[in-house]
Structure formats: C-alpha cells, structure tokens
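Q: what would the 3D arrangement of this be:
(chains A and B)
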Number of protein chains: 2
Amino acid sequence: MAPTPDNRPELSDIYTEDGSVRHDFLMMVGAAIADRDVIFLRNNVGRLHISELGDVLEAILPEQRIALINLLGDEFDLAALTEVDEAIRLEIVEQIPNEAIAAAIGELDSDDAVYILEDLDQEDREDILAKLPFTERVRLRRALDYPESSAGRRMQSEFVAVPPFWTVGQCIDYMREDEDLPETFTQIFVIDPTFKLLGNVDLDRILRSQRSTKIEDVMREMNHSIPAEMDQEEAAQLFQQYDLLSAAVVDENGRLVGVLTIDDVVDVIHEEAEEDIKRLAGVGDEELSDNVLSTVRSRFLWLFINLGTAFLSSSVIGLFDATIEQMVALAVLMPIVASMGGNAGTQTMTVTVRALATRDLDIYNAGRIIRRELGVGSSNGLMFAIMVGLAAGLMYHDVQLGVVIGIALFINFIAAAMAGNLVPLLLNRFGADPAVASSVFVTMVTDLTGFFGFLGLATLWFGLH
Amino acid sequence: MAPTPDNRPELSDIYTEDGSVRHDFLMMVGAAIADRDVIFLRNNVGRLHISELGDVLEAILPEQRIALINLLGDEFDLAALTEVDEAIRLEIVEQIPNEAIAAAIGELDSDDAVYILEDLDQEDREDILAKLPFTERVRLRRALDYPESSAGRRMQSEFVAVPPFWTVGQCIDYMREDEDLPETFTQIFVIDPTFKLLGNVDLDRILRSQRSTKIEDVMREMNHSIPAEMDQEEAAQLFQQYDLLSAAVVDENGRLVGVLTIDDVVDVIHEEAEEDIKRLAGVGDEELSDNVLSTVRSRFLWLFINLGTAFLSSSVIGLFDATIEQMVALAVLMPIVASMGGNAGTQTMTVTVRALATRDLDIYNAGRIIRRELGVGSSNGLMFAIMVGLAAGLMYHDVQLGVVIGIALFINFIAAAMAGNLVPLLLNRFGADPAVASSVFVTMVTDLTGFFGFLGLATLWFGLH
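A: Model (predicted):
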C-alpha cells in the first residue's frame, strides 16, 4: 500500500469493535517503523489524537516505541505520554535526551507537563526544569511543590482572569486580542489586584449579557474554590457533587493559582475506582505493563498475610484432629461451611467498603445497615442451612450430621454479616483504607468461625474425642 | 435556636469532615419537620444545592422524607430526586400525586425529567406525560423511546443550534436576546435546515473570534457525535478518550436530537465502576437503601452457585477419605493449598477483568499477559511452596509431607495464573460480562486443583489407601 496523505484511515478507524487498536493497523505501523517510512508514520500516526497515539504506543512492542517517536520527530506530541501506563512513560522518557524533553514540555499545558515531570527522578527533573524559560520553570516548580495527588499537582496554571470593574464588552475584546489564552476554557475568573479570587463567570453567561454589563454583576461568588493542598480525590468529590466543569485552585491566602478541569477529574475518578477494585483483591496499584518482578513484589505481601491466616485456620482444624480421625466426613464437609461464609462475608464487605468510599455510610446510619445485614444474613443463612443440612444428612445417611452442619452454617452466616460490616467500619474509624485490609480479616473470621463452629459442634454433639 | 434567614448554615457546613451529613443538622431538620417549622426548612433545606438536598433525603428517616417535601412545597426542587438511590426515589415519587409531579417536571432539564420518569411504572408515566404541554411531552417521549442506558436516554434535549452562514456577531446577538436557552452550555451546534449536524463551536472559540467571522470558518466538523442508540458506557469511553465536555447526540439520519454532557457521563463512569466492583463480589446492582427482601434475593443466586462449587470441591475431598483417615494431617493442611491458590487466582482475575473493562487487553496482547502471569505465578508459587513446605515439614516432623504440600501449592499457583487469565478472557469472548461470573469459576479451579492435587499427590507418594 503506497501511503499518501489522502488515504490515511479515518480517526475512529484505528479501533476494533471491542475498542482495542486494530491489529492490521499495528502491523502497518510496525512495517513502516522497520522501513523507516517517515511519511506514512507522520500521516497516519502523527495526526492521531493524543489518546489514540497513547493507545498505539501501548500496543506496539517496547523496542518499537522509541523508534516510532524518533521517526515522528516534531510531529510527536509529548502529551501522548500522559495517556500511557506509568511504566511505559518512564521507559520512554528515559530514552529521550533531556534537551528534547525540555523543548517539547514548553509546548504542553502545565498540568500535562507536571504529569510527566512528577514521575522522573530528582536529577532528571531538575535538569529539565533548568533548561526551561524562567516563567515556565517557576510555574511548574510551584505545581510540583504541592503534595503528590493534590489539586495543586493536577491543576493547570493557565487561566483567564479579569478585574470585577471590567464590562462584558471589555472582556470579549480582551479575549479577541490576547494571544496568550489557555487552549480551551469554560469560565473566566474575577480577581482583585493581589490575585485574590472574587468569583467566576461561565462563558455562556458572558455571551448572554449585554456589552455594557459589569462583570461583578454577572459573576458568581465562589462556593467551590479548591485549596491547592486538597487531595485530588476530595476535589473530585466536589466536582461530582456540584456538577462542576472547572474550579479555581487557590493558595492558603485565597489567591488564584490555577484551574482544575473536569477532564483531569474524570481521570481521578477512574483511577480511584480502579484502585479500590484492585485493593479489594490485593493487587495494589499494579498496572498491566508492569514487569514480572514488580508484579511479584506487589502481590507477595498480600499472599503472605493470607498465608498467616491460612495457617491460623489450619491450626484450628488441628485442634480437632482426633475428631476428624473418627469421623472423616467432617473433613469432607468443612470446606463448605467455610466457603459459604466467606462468600457471604465478601458480599457484605463489598457493599460496606463502597458505601464508605462514596460517603453513604457513617456511624449514624451504621446501626441501620448492620441490622439490615443481620436480617439478610439470617434469612440466607437459614435457607442455606436447611439445604446443606438436608444434602449432608442424605449423603451420609445421618440426620444428626445434617443438623450439626446446618447450625454451623447458620452461625457462620451471622458471623459473616457482622464481620463484613464491622471490619471495614473499624478500619475506617482508625484511619486505615478499608479496601486494602478488609477482605483478609473478613475471610479470617468466616474461616475460623466455619471450622471451629462445625468441628467444635460435632465434637460436642457426637461426644467424640 | 430561633432560625432566621441570616443564620442558615454555610452550604459546605452540612457535611462532617468524612463527607457525611452532620448529625446535628439532621437533628435540627428532624425537629423542624416535627414542629412543621416551614420557615426554618425553606431557609435551611430549601436553599441547598440539589445534591446536598439529595444527601439529606437519604440521611433522614423514611417517614420524614415525604413530610419534608410537603413542607417545602414549591421550594422543593424535584431534580434532587436524581441524586438519591433508586429505591428512595421510587418510594418518594409514589407518594406524590401525579399532578404535582407533572407540574414540577416541566421545570426540569429534560435529562433529569427522563431520569425520574424512566423508573416509574407504565401507567404512572403515561398519566404524567399526558398532563404535560405538547412539545414537552414529545421531547420526553422521544428520549424515553430510546433503549435503557443509551445515550438517547441520558441526553438533554435543550441545545443552541445555528446555521453555518451566520456570523459570530449574529450568534452573540441571538444568545443575548433569546430567553429560551438551556440553563448552561459550553458549545453551540451548527446545523443545516433539516437539522442535520454539520459541526460544533466551543464558546471560547466564539469569544476569541471577530464579530464578522462566519461560523462555518470557526466550527469544528464533528468527529465525535454520538448515535442516540449508543450504550451510555460506550459514550462515556468516548468522552474519556477525547476529553469531551459535551457531545451532540444524533439520530439514525445524522440529525441533531440532543446533547450529552460530561456531568451525566461522570455519573455513568461512576456507576459502571461501581457495578464491576459489586459484580466481582456477587452483589449485583444492589443499593444501600434496598430492603432486606430484595437484598436477600439479589445475593441468593450467587451463594447458590457457590454452593454448587463447594459441593463439587467437597466431593473431590470425599474421593480421598480413606487417605485422610490414615493421615489426618492432610485434612488439617489442605485448606492452606486451596486458599493460597484462590487468592493468587483472584489477583490475576481482577487485573484481567479490569484490563478488559478498560479495553487494554485483547486477543493480540493476551499472549504477553498470560506469559507474564505465568511468570508471576511460578515465582510467587516457588517462594510460597518453599515456605509452606518447610513449615509443614517442621510441624509434622515429616520431610516428605513438606515436599508433597510444596509441589501441590506450586501446581495450584500455576492453575491460578491460567484460570485467572483464561476464565475472564473466555467469558468475554463469548459475550458474557467477565465481572459477573469469573470469580466463581476461578475459585472452583483453584479449589479443585488444590484439593485434588494435594490429596492425590499424597495418596501416590505415601502409597496410602
């Protein structure tokens, strides 16, 4: 295929129906990289949206990435690196000379520049910053000085700000003439001479007002300005709650330092939900592109903790080895009691962890939720106790064994409901992230209750041992 | 406390540091409801942002809700119902006469109106629609005709659209004079006389352009218009990928029918992540406000399926009852092998399910991911095999038992890596939602491999039975 500017694929064309990058497109790109076909690459890859370019970078082979970037040259938009996994970003940035990064970073919005700089090691970061023009450097350094994951880190330092005594007409003329406006914006801010934030005006309000209207008469006083030190997750909550598109970021003196925009907040919402899902399963902040070693490391701790609880359960079983020796059916049936309890506990726990994360649960309505979970646990517990009791009784032709396992199962459902609620609530109360540690404790409770309850009850009931 | 308009709490004041509604505020509201103190309620509750009002409605007692709404009267903004759980919304709507709902719904943006109407039963919905003015009714019915969870359902039917030959000045004059504009908007659309969509212009672009500029010269041709039938999740992906603030929704003929805005998309992103977390734990689409009965029902199926797999595992153990009788240590240790495998499998599965959901994984890079997981599984498997082998060998003073459990554990880690990858991939391949069913199958594989591997190996090794 002889590529010309006219036959480049439609933008939406690089994806399959599933939303992954088309295999034949990747093959063409791979061939063009091998052939050093700069024209094809600039026409077909260089003009992609940065998020599409990011997807292409993730999908091609590691050794092709830097080759592609070098072939694209000036056509490569460094902002695409904000769209790839951290491991890939670092791998790419390490192979580009600091001069080239400094030159490219000047073209980026400050939030994108910070996003790329913050992951670099101290030395490279300082080297790149030193190569930037003064105002740019000051601006980026200020953002980098705010804590990781704070609003100050995610904000964009470019914004439009006007004094309150200007008219709508003056604002419009200013925007028509000024070359140095942010690339896109949806509101302008109103400040006093010391940069203290007074209010904001959405662009649609400006467009609806007469030219002679004073800005102070159409501005909205700020309810939702965001302190630069605020955690990004908290800022995201505010955006969600008040349906904000952008919000002013202010320093400790109430002075405007930047603007946080919804697109960054959407990424934060996404990351935080992702984090919770992964933490519940004990895989930390792992990414798909992490290598074997770092993945092994990130999963080890969780498995190690689980090993501890597994040995604890095992030692409970060990208490009853004489009982099991006399009645081996107990060993056969005991995993059922533990497993059902574990699943019921996980259900309750997941609902509780999410309710805490979305702030729908607190100590005042906890009582109501616990009562509900006890209701659910005892209802399901009763039904499954009867089913399992009947099944076990029939299998072993032993009514008493059926009664024992039924009672043990019911008890474990109640334990599951209590633990599934209380473990995340208590962890939260003591400042720990309930998503990280709940599941190991809940499973521990249901395993211990399951084994101890069933084997202990059987020992008492049958007078074994 | 004698409430006057001046001492109403600051807006942000109704929340505690944790983000839940302050208990003392709820107590004051409760007392005011009991005293029928309309002035206090209108000043302190009626002026809250709809999302704050929604939180208050969720936090007070069920019997207080309708009383509060009645006391607020016209001050109650029906849009607050879009901010509460579905169960609470239905409970409230059922207690308000259809006339009152119809009157209030006319004041809402069409997307909020649809959100409330779509959950009602057919009869109530028709009754309310019949009471609305003609254009309103047509507009809402059209949105309701689109499938549930489609872009057409979530869109707002109010938008600003202009012909391409207008100048920027004409547009600004039109926006200054027209009373019937949407409440807020960030872009205007360009259409031909048949309402066919030609392009869009962001408001900041209009403000930067001279009055004499033609709209067609500043408009952007639409890459990202959204078919009304498109699933909301897919639309949300587009918003995220291209950092959109709003997007045109078009019918099958490319005619503009509405606009989808980022605030609704943020809710969709949130819901979808929530759904995945809950599905992984087998709690379906449950909400915190669901009652005991519907919660019992929603969790029963999952537990029932799990019961099946638990009996399957149990029957595998039953195959080796003679072995266990001779060597009860096997019963004591076997849960360790199953539990470690289950946890390792859950880790792999979670990463795979999320990678599928975020479209980072497909059949082309599946090979690479599976190889990585096998690497991780064998590394962690080896380490834990040695640890558990040593511990078991020491506990029972039996080197061979240590060797057997170590080998069984290693095998189970490999099975966990394979199942954790392949189960979600296969479910996805056959069109099932991997989040719903993966975890039951993965645990089944690791339980069966764990029990069968350990007990079978022990039987062979020790020549028992």
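
Q: chain B contacts on the stretch 351-465 of chain A?
A: Within reach of chain B by Cβ under 8 Å from any Cβ of the partner chain, the stretch 351-465 of chain A has these residues: A:351, A:354-355, A:358-362, A:364-365, A:369, A:372, A:375-376, A:379-380, A:383-384, A:387-388, A:391, A:447, A:451. In short, each C-beta sits where N, CA and C put it, glycine included.

Q: buried ones among the residues you listed?
A: Buried members of these, scored by 16 or more other Cβ atoms under 10 Å in any protein chain shown, are A:351, A:354-355, A:359-362, A:365, A:369, A:372, A:375-376, A:379-380, A:383-384, A:388, A:391, A:447, A:451.

Q: from those residues, which land in strands?
A: Per DSSP state E, strands hold no members of those.

Q: inside helices: which ones of those residues?
A: The helices, defined by DSSP state H, take in A:351, A:354-355, A:365, A:369, A:372, A:375-376, A:379-380, A:383-384, A:388, A:391, A:447, A:451 from these.

Q: which of these lies closest to B:T443?
A: Nearest to B:T443 out of these is A:D447 (Cβ to Cβ; 13.9 Å).

Q: do you know the pLDDT at that closest one?
A: Looking at A:D447, its pLDDT is 94.

Q: can you pull the contacts of the closest residue to A:P164 other than its chain neighbours?
A: Leaving aside its sequence neighbours, A:P164 sits nearest to A:E216 (Cβ to Cβ, 6 or more residues apart in numbering or on different chains; 3.8 Å). The contact partners of A:E216, by Cβ atoms under 8 Å, 6 or more residues apart in numbering or on different chains, come to A:164-165, A:190, A:198-199.

Q: how about A:T167, what does it touch?
A: The contact partners of A:T167, by Cβ under 8 Å, 6+ apart, come to A:211-215.

Q: same question for A:I33.
A: Contact analysis of A:I33 by Cβ under 8 Å, 6+ apart lists A:41, A:60, A:64, A:67-68, A:71.

Q: one more time with 6 Å
A: Contact analysis of A:I33 by Cβ atoms under 6 Å, 6 or more residues apart in numbering or on different chains lists A:64, A:67-68.

Q: sketch out the low-pLDDT regions of the stretch 351-465 of chain A for me.
A: Applying pLDDT under 70 to the stretch 351-465 of chain A flags residues A:464-465.

Q: same deal with the stretch 201-350 of chain A?
A: Scanning the stretch 201-350 of chain A for pLDDT under 70 picks out A:222-223.

Q: quick one, helices of it?
A: A:203-208, A:215-218, A:232-242, A:262-280, A:292-319, A:321-326, A:329-357 (DSSP state H, counting those that start in this stretch).

Q: helices or strands up against the last one?
A: Under the contact criterion of 3 or more Cβ pairs under 6 Å, 6 or more residues apart in numbering or on different chains; DSSP states H and E, the helices and strands touching helix A:329-357 comprise helix A:399-429, helix A:434-462, helix B:292-319.

Q: quick one: closest of those helices to B:E91.
A: Ranking the helices and strands packed on helix A:329-357 by proximity to B:E91 (Cβ to Cβ) places helix B:292-319 first, at 12.5 Å.

Q: what angle do that closest one and helix B:262-280 make?
A: Per axes from the mean of the first three to the mean of the last three Cα atoms, to 10 degrees, the angle that helix B:292-319 makes with helix B:262-280 is 40 degrees.

Q: quick one: buried residues of helix B:292-319?
A: B:292, B:295-296, B:298-299, B:302-303, B:305-307, B:309-311, B:313-314, B:316-318.

Q: chain center to stretch A:186-204, what's the gap?
A: 31 Å (Cα atoms, centre = their mean, to the nearest Å).

Q: tell me if it is near chain B.
A: Yes. Using Cβ under 6 Å from any Cβ of the partner chain, stretch A:186-204 reaches chain B at A:186, A:203-204.

Q: B:L245: which of the helices and strands packed on helix A:329-357 is closest?
A: Closest to B:L245 of the helices and strands packed on helix A:329-357 is helix A:434-462 (Cβ to Cβ; 30.5 Å).

Q: I'd like to know which elements the closest one is packed against.
A: Against helix A:434-462 (3+ Cβ pairs under 6 Å, 6+ apart) you get helix A:262-280, helix A:292-319, helix A:329-357, helix A:399-429.

Q: out of these, which is closest to B:A103?
A: helix A:262-280 (32.8 Å).

Q: what is the neighbour count of the nearest residue to A:D276 once chain neighbours are set aside?
A: Closest residue to A:D276 apart from its sequence neighbours, by Cβ to Cβ, 6+ apart: A:A435 at 4.6 Å. A:A435 has 24 neighbouring residues, counting by other Cβ atoms under 10 Å in any protein chain shown.

Q: how about the contacts made by A:A435?
A: Taking Cβ under 6 Å, 6+ apart, we find A:A435 in contact with A:276, A:279-280, A:353.

Q: no more questions from me, cheers.
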